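Asks: how would this look folded up:
(one chain, ligands or ions: 1)
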Amino acid sequence: MSTENDVKFTDFPLLETIHQSIRQAGFERPTPIQAACIPPALEGKDVIGLAQTGTGKTAAFAIPIIQRMSGRSELGALVLAPTRELAAQITTMFNQLGKDAGIRVATIVGGVPISEDHAALSSWPNVLVATPGRLIDHIENGKISFAEIEVLTVDEADRMHDMGFVPQIRRILSALPRKRQTMMFTATLPDDVERIARKSMHHPVRVQIGQCAPAHRAQQELFELAEDAKAPLLLKLLGKSSGRVLVFVRTKRGVDRLARKINARRIRAGRIHGDLEQVHRDKALSDFRHGRRLILVATDIAARGLDISNIEHVINYDFPHHAEDYVHRIGRTARVDASGLATSFVTRDDRRFVNQVRKLIGENLPNPTRLDSYSAKPTHSAHRSKRR
Ligand code: ADP
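Replies: Take a look at the predicted model:
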């Protein structure tokens, strides 16, 4: 992500405490999405932000919300996120930038005992970050008052759509006051999402950062190989690697199987997918984040939006079936000031998906190197020097 523009945080009319927190966070200049979103959002306008993960979206909506909610006693802002992990990261950002300005944020996500929600809600939050499913439970049983909600943010709306959350979002929208500010962030704009945006927003300012292209600094390489050659090549790549590696697998069972295979080689890998209990997901994530385990095997949904810095290498063990997922996966590396490598394994059956990605991101995608007779020792040119 680049922050090359002339805009400075001090150009924004923010409370001094917020400026201080921004400085303490080490943010020197707004990223492009922040530079474009913060001014209209501060004016109370509706905003549609089209940007991939890793562009600084979270602070782009958190900063205006913090300014508006500062010192408020009742619940005034709701942020919807598709996954628990993303909700946790958003909460962290609100705490980091908003605590000194009087922001009290509560998080309501599935997979934790409902008593924790009640404790969180009794702390008088003025900002609520939630995943749709659990929030609906609270709407149904009347536990949360939405009467004073002034700002709604829907983060990663395209992913919500992919996860089948559109009916829940409609239900939540119908429970909110009609007069409010709405911000929506998404990497792509599927029809359903666009319809919801049109219905629920008022003359939104549309902000688009970059064409849906992976972060420029990520170097990409593709290997075409047979399904049964994938595991040996992966183990070989992992054996050589010294940094953090995120490995994407299509299915939850596939994640389990592959993590077992890697661990059998005494390379310690964590795993994360939607069927694992929250404590295990949190543990896998924190082990990875803190470098206790340098390899994390994940499904798309579990890994979506995770803000883990210094991922040197993303490996698409299974090539994604949705082109947008490729963009999101690659977005895991080369975040902010890091650069990274993205390796994809492609089988014959994946060729059409590779073509779809090429349509989406254009010529940026290199042609696959064919590893026809892979013999645990790839000598192909694409393999060597691209690794650091
Ligand atoms: P997104 O929501 O687009 O995935 P995040 O908001 O999580 O991206 O930001 C990605 C990373 O960049 C985070 O670690 C965040 O702390 C950092 N970041 C955000 N804004 C800035 C900024 N203006 N300058 C430097 N780093 C930033």
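Asks: give me the below-cutoff pLDDT ranges for this protein.
Replies: 1-5, 210-217, 302-310, 334-339, 362-363, 372-388 (pLDDT under 70).
Asks: break it into its domains for me.
Replies: 9-208, 218-373 (automatic domain parsing).
Asks: make a markdown table out of these and add mean neighbour count.
Replies: All C-beta spots, glycine's among them, are computed from the backbone N, C-alpha and C. Formatted as a markdown table, those follow (neighbours: other CB atoms under 10 Å):
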| stretch | mean neighbour count |
| --- | --- |
| domain 9-208 | 19 |
| domain 218-373 | 18 |
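Asks: for the stretch 101-250 of the chain, which segments count as strands?
Replies: Ranges of strands within the stretch 101-250 of the chain are 105-108, 127-130, 151-154, 181-186, 205-208, 218-224, 244-248, based on DSSP state E, counting those that start in this stretch.
Asks: returning to that earlier point: distance to the ligand added to the domains of the chain, as TSV?
Replies: Below are the domains of the chain laid out as TSV (distance: least, CB to the nearest ligand atom, whole Å):
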stretch	distance to the ligand
domain 9-208	3
domain 218-373	4
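Asks: quick one on the thing from earlier: I'd like the strands of the stretch 101-250 of the chain as TSV, with distance to residue 63 appended.
Replies: Formatted as TSV, the strands of the stretch 101-250 of the chain follow (distance: least, CB to CB, whole Å):
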stretch	distance to residue 63
strand 105-108	14
strand 127-130	12
strand 151-154	12
strand 181-186	12
strand 205-208	14
strand 218-224	27
strand 244-248	28
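Asks: can you tell which of the ones you listed is closest to residue 119?
Replies: strand 105-108 (9.0 Å; CB to CB).
Asks: quick one, phi psi at the residue lying closest to residue 177 once chain neighbours are set aside?
Replies: With sequence-adjacent residues excluded and distances taken as CB to CB, 6 or more residues apart in numbering, residue 177 is closest to residue 149, at 5.8 Å. In terms of degrees, to the nearest 10, the main-chain angles of residue 149 are phi -70, psi 120.
Asks: contacting residues around residue 149?
Replies: 75, 76, 77, 78, 176, 177, 180 (CB atoms under 8 Å, 6 or more residues apart in numbering).
Asks: you'd agree the first one is up against residue 130?
Replies: So that's residue 75. No. The criterion here is CB atoms under 8 Å, and residue 75 misses it with residue 130 at 11.1 Å.
Asks: and residue 227, how far from residue 313?
Replies: Residue 227 is 21 Å from residue 313, where distance means CB to CB, to the nearest Å.
Asks: for residue 179, same thing?
Replies: 48 Å.
Asks: ok, now residue 354?
Replies: The value you get for residue 354 to residue 313, if CB to CB is used, is 19 Å.
Asks: check contacts around the closest residue to residue 87 other than its chain neighbours.
Replies: Counting by CB to CB, 6+ apart, the nearest residue to residue 87 once its immediate chain neighbours are dropped is residue 81, at 4.3 Å. Contacts for residue 81 (CB under 8 Å, 6+ apart) come out as 87, 90, 129, 130, 131, 155, 156, 305.
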